[in-house]
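Undergrad: Just need the structure, nothing else, for what follows:
(chains A and B)
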Protein chains: 2
Amino acid sequence: MVIHSVYFWLSDGLSGEDVEAFRKGLESLRPVETVATIYIGTPARTEPRPVIDASYDFSLIVLFQSVEAHNLYQTHPLHEAFVRDCKKYWKKVQIYDTEVPVLA
Amino acid sequence: MVIHSVYFWLSDGLSGEDVEAFRKGLESLRPVETVATIYIGTPARTEPRPVIDASYDFSLIVLFQSVEAHNLYQTHPLHEAFVRDCKKYWKKVQIYDTEVPVLA
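TA: You can find the predicted model right below:
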């Protein structure tokens, strides 16, 4: 299984409508066929610690059955439309891809 | 729902036994009662890109039903034992806590 975790820092000076358009862009990724599960979130209200980075604005955590399923997502028209239409809204993105052995 | 994502960079010069001890330490967290799901992984074989950080050694992604469930995990004896016994194995840790609205 692959967990594709994406953290977005939005551009400065966005309007509420811009942020909503960005959030809808994230939501538009849900129907991608190779997505097993998709979580769209914001920083949690856990106690601040130096090792926690809570400076991002949105997270997108997507679970796939395989690296191949992840690769199909990257080139899926919905994902390409999201990047094309929404990249103007973020100033920084940080990604961690993790492979998790499926337990027997 | 809260997703607690932890990325570990292990210390230099660890033996294979040390790495195995660290991995067992991660596995020791599974029985914590407030954990909904736990994923233990390593960097995935996705295509390298500048926005992807694949320099970590292990990831620990834990799902909780609430911030309160996360807080109970932090002070759980199994978690405290893990930190006490395994912190010698890592040189850096980076955490992202994300709150995900539960869909109706």
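Undergrad: For A:Leu63, give its distance to chain B.
TA: For A:Leu63, the distance to chain B equals 9 Å [C-beta to the nearest C-beta, to the nearest Å]. To be clear about C-beta, it is placed using only N, CA and C from the backbone, and glycine gets the same treatment.
Undergrad: Do me a favour and average the pLDDT over the helix or strand where that residue lies.
TA: Assessed by DSSP states H and E, A:Leu63 sits inside strand A:58-64. Here strand A:58-64 scores 98 as its mean pLDDT.
Undergrad: And for stretch A:75-88?
TA: Averaging pLDDT along stretch A:75-88 gives 98.
Undergrad: Now do stretch A:25-41: everything it contacts.
TA: A:1, A:23, A:58-65, A:69-70, A:72-73, A:76, A:78-79, A:81-82, A:85-86, A:89, B:1, B:3, B:98-101 (C-beta atoms under 8 Å, 6 or more residues apart in numbering or on different chains).
Undergrad: Please export the C-alpha coordinates of that stretch as CSV.
TA: The C-alpha trace of stretch A:25-41 is given here as CSV (Å, rounded to 0.1, in the frame of the first residue of the first chain):
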residue,chain,number,x,y,z
GLY,A,25,-10.1,21.4,-6.1
LEU,A,26,-8.9,18.9,-3.5
GLU,A,27,-12.4,17.4,-3.3
SER,A,28,-12.4,17.0,-7.1
LEU,A,29,-9.7,14.3,-6.7
ARG,A,30,-12.0,11.9,-4.8
PRO,A,31,-13.5,10.2,-7.9
VAL,A,32,-10.1,9.1,-9.3
GLU,A,33,-10.6,5.4,-9.9
THR,A,34,-7.2,4.3,-8.4
VAL,A,35,-7.7,6.2,-5.2
ALA,A,36,-8.5,3.8,-2.3
THR,A,37,-9.1,6.4,0.4
ILE,A,38,-8.6,10.2,0.4
TYR,A,39,-8.4,12.4,3.5
ILE,A,40,-8.5,16.2,3.2
GLY,A,41,-7.6,18.0,6.4
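Undergrad: and that stretch, how far from the chain's centre?
TA: Between the mean C-alpha location of stretch A:25-41 and the chain-wide mean there is a distance of 8 Å, by C-alpha atoms, centre = their mean, to the nearest Å.
Undergrad: List the buried residues in that stretch.
TA: Using 16 or more other C-beta atoms under 10 Å in any protein chain shown as the test for burial, stretch A:25-41 gives A:Gly25, A:Leu26, A:Leu29, A:Val32, A:Thr34, A:Val35, A:Ile38, A:Tyr39, A:Ile40, A:Gly41.
Undergrad: The residues you listed into CSV, with extra columns for secondary structure and pLDDT?
TA: Shown next, in CSV, are the buried residues of stretch A:25-41 (DSSP: H, G, I helix; E, B strand; the rest coil; pLDDT from 0 to 100):
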residue, secondary structure, pLDDT
A:Gly25, helix, 98
A:Leu26, helix, 98
A:Leu29, coil, 98
A:Val32, coil, 97
A:Thr34, coil, 97
A:Val35, coil, 97
A:Ile38, strand, 96
A:Tyr39, strand, 97
A:Ile40, strand, 97
A:Gly41, strand, 97
